[in-house]
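Asker: Coordinates for the following, if possible.
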Amino acid sequence: MLNLIWCFMVAVGQTTALAPCQQIDTLWLRWQAGDVAAMDSLISMGPAASSLSHRVLYPKENDEPSFPAGKEQELLGAMLADAMPELAMALPDLDEINREECFMFLDRLGGTTSPSGHGMCCPRQGRFVRPLAEILIKMYDSETDSNKDLILRVLAKANAGEKLRVTELQRGLVEYYFGDDSTAEFSGNTEKLNALLDVFEFRPEPAVADRIRDMANSHPVGYIRKRALTIFLSNNKDPILATNRLGDSESVEISLGEVSSRGVAIHSLLTYRLLPERIADRLLKLLYTSSFDESSLDPSDLCEAVCRCESFDDDSKQFIDRKIRELLFDSTSIEESCKPKLVRICAAAVVLQLFQDDDVAAEFLTKTISEPTNVPRYGAMGVRFRDHRAEAVRAFRRVPTQGMLRLNLLRNQLKLELPLHRGSDFCIECALTLASLDSQDSSCVEAIRGIDESTLLRLHVTWKEVQRILGDRAPKLIDLDQATEQVRSEAFIRDSSNPWEWQRLQPVASEIIPLLKNHLNSPNVDIRISAIHALKNLGIRTDLTEQLLLACLNDESIVVRIAAVDALSSIGASADQAIPQLQRLLHNDCLSLKIAAEDAISHVARTEPFGETP
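Answerer: Below is the predicted model of the structure:
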């Protein structure tokens, strides 16, 4: 969640967390005189500069508030929750245009800026101020429709809690938007329905789930059905997180039955490693119909989903044997056939998944793999051409007994294709299959090296799964000398904001993490924060990672401490080590740090003991 607001922290040079008021005042006066660097220094102080929140919000002498723009709005964002007491005082007195801009600002920042359930003391007047969330709820009824939507999003992101009546507000919205049983209200008011979906997206509420399911199933507006389905699926994974197995949610049948939502449904299903038997029948029928209709569904996605089903009932087995099998046979040429080649490959893969000794399906896939290709990887405008042979190879990775019989074929094809089409889906799939079938094969590493996020997505494989398949060979994917040289560079640390740049280094994390220790001791706040982000994005929980992040909780900079808390919350830590140190932060004067620490304590308390590390 804290990632939503780091864009507001443009740190310049070294600052201290509890900067003296005199230093802050001096920098403010320099900013007023046109010194942009002075404002950048204030922004880098983050919550420590919150004593300026009144001056930012009350720039005029007549004590009328005005919501800031540009750099001053950026400064307000950098203050995080510590700006909220003053903002809560000013918000009701802002004019309509300024209120709308303020709501948009809060929406962009995310929940950590909206202190939920916290009593706040306004520094200027020294009196108790109700939490900002309560003020927003009170303002809701009198605002315009567009502002209401923004307020709902802010409240939802703030995770305001039942004591602030967000749950009751959601239930009231259901009745307001849908009525008791009113089809007319249910069918209309798409803007209001979107507002309700906004709330459910950020704060799942069981009382609303049935209505969201109804929208996904039968709302007459297509994009409402699609969005409701996406949100419903994303918020109904809790029971299966531990096993990565899809539970018994009715959303599966709903999603596969709704034509306009099938693409979203298949994409959501492929986030699970295992799927229940009962949906195999629907998936198989979609695969069969894809051979003759103009559906946009990708046969390879359907094939992958079918092959992830834990088992098949008798009806599904008969359907595979009688209907899916017939897709393998075609009296016309592939070019003239109404059954595209990819569908036939997927059909063979499904048949082989169920009947693992089926020679017809296995030979069809073998013949497909043996075909030479002259198809370029990319066409006009950078469009990537698909090599259907990769799907055939994947079928043998799923059925190792058949794959073992074709090891030489896979090695020969990889040897022929790698010099010509390095990085192609076919080469990478051949290498992954060889690696999974032969733990001693070393030729696979060179083919997989350089794999990117988009390729992983197309091949229905995760980076952790690639590392698991390779085992002890995984570190060879990374040029360690190059990686260590990059990580030693402050420029690389500062500029590597894409999480994938760090996730790809997971195989050599044991070599990378000690190098980040030096950057955590940098005199530059910016570098220390970037090093913490690197540890978070690596996503590898080790004793050393935990020690480094816990040490950062004592950093002199508030923004560094907040970053460390966020990383601990994301990666996890040993509760007996982390919770006492996080609890000490609850007594800090910085409200933003308190809120981050509370959130981290709840996450760390649920952290499992150290598990398997890739």
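
Asker: List the buried residues of stretch 484-498.
Answerer: Judged by neighbour count (16 or more other Cβ atoms under 10 Å), stretch 484-498 contains these buried residues: 484, 486, 487, 492, 493, 494, 496. C-beta here means a position set from N, CA and C on the backbone, and glycine is covered the same way.

Asker: Could you identify the most distant pair in the residues you listed?
Answerer: Greatest spatial distance in these: 484 and 494, 17.1 Å, computed using Cβ to Cβ.

Asker: so who does residue 100 touch?
Answerer: When contacts are counted by Cβ atoms under 8 Å, 6 or more residues apart in numbering, residue 100 touches 144, 146, 147, 150.

Asker: So for the residues you listed, which is the shakiest by pLDDT?
Answerer: Note: of these, the lowest pLDDT belongs to residue 146, at 74.

Asker: Who's the closest spatial neighbour of it, skipping the chain neighbours?
Answerer: Distances taken as Cβ to Cβ, 6 or more residues apart in numbering place residue 100 nearest to residue 146, at 7.1 Å, with adjacent residues excluded.

Asker: Strands of the stretch 301-450 of the chain, residue ranges please.
Answerer: Counting by DSSP state E, counting those that start in this stretch, the stretch 301-450 of the chain forms no strands at all.

Asker: sorry, back to before: I'd like the buried residues of stretch 484-498 as JSON lines, with distance to residue 424 and pLDDT appended.
Answerer: Formatted as JSON lines, these follow (distance: Cβ to Cβ, whole Å; pLDDT from 0 to 100):
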{"residue": "484", "distance to residue 424": "29", "pLDDT": "94"}
{"residue": "486", "distance to residue 424": "26", "pLDDT": "93"}
{"residue": "487", "distance to residue 424": "30", "pLDDT": "94"}
{"residue": "492", "distance to residue 424": "29", "pLDDT": "92"}
{"residue": "493", "distance to residue 424": "33", "pLDDT": "92"}
{"residue": "494", "distance to residue 424": "34", "pLDDT": "88"}
{"residue": "496", "distance to residue 424": "27", "pLDDT": "85"}
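
Asker: if we take those residues, which one ends up nearest to residue 543?
Answerer: Proximity of those to residue 543 (Cβ to Cβ) peaks at residue 487, which lies at 19.4 Å.

Asker: Quick check: which element contains the closest one?
Answerer: Assigned by DSSP states H and E, residue 487 belongs to helix 480-488.

Asker: next helix or strand past that helix?
Answerer: Downstream of helix 480-488 (by DSSP H and E), the next one is helix 490-495.

Asker: circling back: can you tell me which helices and strands the helix holding residue 487 packs against?
Answerer: helix 509-520 (3 or more Cβ pairs under 8 Å, 6 or more residues apart in numbering; DSSP states H and E).

Asker: packing partners for the next helix or strand after the helix it packs on?
Answerer: As assigned by DSSP H and E, the chain's next helix or strand after helix 509-520 is helix 525-538. Packing contacts for helix 525-538, counted by 3+ Cβ pairs under 8 Å, 6+ apart, involve helix 490-495, helix 499-503, helix 509-520, helix 543-552, helix 558-571.

Asker: Show me the one of these that comes nearest residue 409.
Answerer: Residue 409 lies closest, by Cβ to Cβ, to one member of these: helix 499-503, at 32.6 Å.

Asker: And the contacts of the closest one?
Answerer: In contact with helix 499-503 (Cβ under 8 Å, 6+ apart) are residues 452, 453, 463, 496, 534, 537, 538, 539.

Asker: list the contacts for the fourth one?
Answerer: Spelled out, that is residue 496. Residue 496 touches 502, 530, 534, counting by Cβ under 8 Å, 6+ apart.

Asker: Where does pLDDT dip in the stretch 1-150 of the chain?
Answerer: 1-20, 61-62, 110-131 (pLDDT under 70).

Asker: Helix or strand with the lowest mean pLDDT in this protein?
Answerer: helix 183-187 (a mean of 39; mean pLDDT, DSSP states H and E).

Asker: what about the nearest residue to residue 105 once chain neighbours are set aside, how many neighbours?
Answerer: Closest residue to residue 105 in three dimensions, ignoring its sequence neighbours and counting by Cβ to Cβ, 6+ apart: residue 73, at 6.4 Å. Neighbourhood size, residue 73 [other Cβ atoms under 10 Å]: 17.

Asker: Residue 67 too?
Answerer: 23.

Asker: Provide the secondary structure category for it.
Answerer: Following DSSP: H, G, I helix; E, B strand; the rest coil, the label given to residue 67 is coil.

Asker: That one and residue 97: what is the separation?
Answerer: Separation of residue 67 from residue 97 (Cβ to Cβ, to the nearest Å): 9 Å.

Asker: now residue 557
Answerer: Separation of residue 557 from residue 97 (Cβ to Cβ): 36 Å.

Asker: Please identify which of the two sits among more neighbours.
Answerer: Using other Cβ under 10 Å as the criterion, residue 557 and residue 97 rank with residue 557 on top: 23 against 9.

Asker: isn't the more buried one right up against residue 525?
Answerer: Yes: using Cβ atoms under 8 Å, residue 557 is in contact with residue 525, at 5.0 Å.

Asker: what's the closest of the contacts of helix 499-503 to residue 287?
Answerer: Residue 287 lies nearest to residue 453 out of the contacts of helix 499-503, by Cβ to Cβ, at 26.5 Å.

Asker: For the closest one, list the residues it contacts.
Answerer: Per Cβ under 8 Å, 6+ apart, neighbours of residue 453: residue 500.

Asker: From residue 480, how far off is it?
Answerer: Counting by Cβ to Cβ, the gap from residue 453 to residue 480 is 21 Å.

Asker: With residue 141 instead?
Answerer: For residue 141, the distance to residue 480 - Cβ to Cβ - is 61 Å.

Asker: same check, this time on residue 325
Answerer: Separation of residue 325 from residue 480 (Cβ to Cβ) stands at 49 Å.
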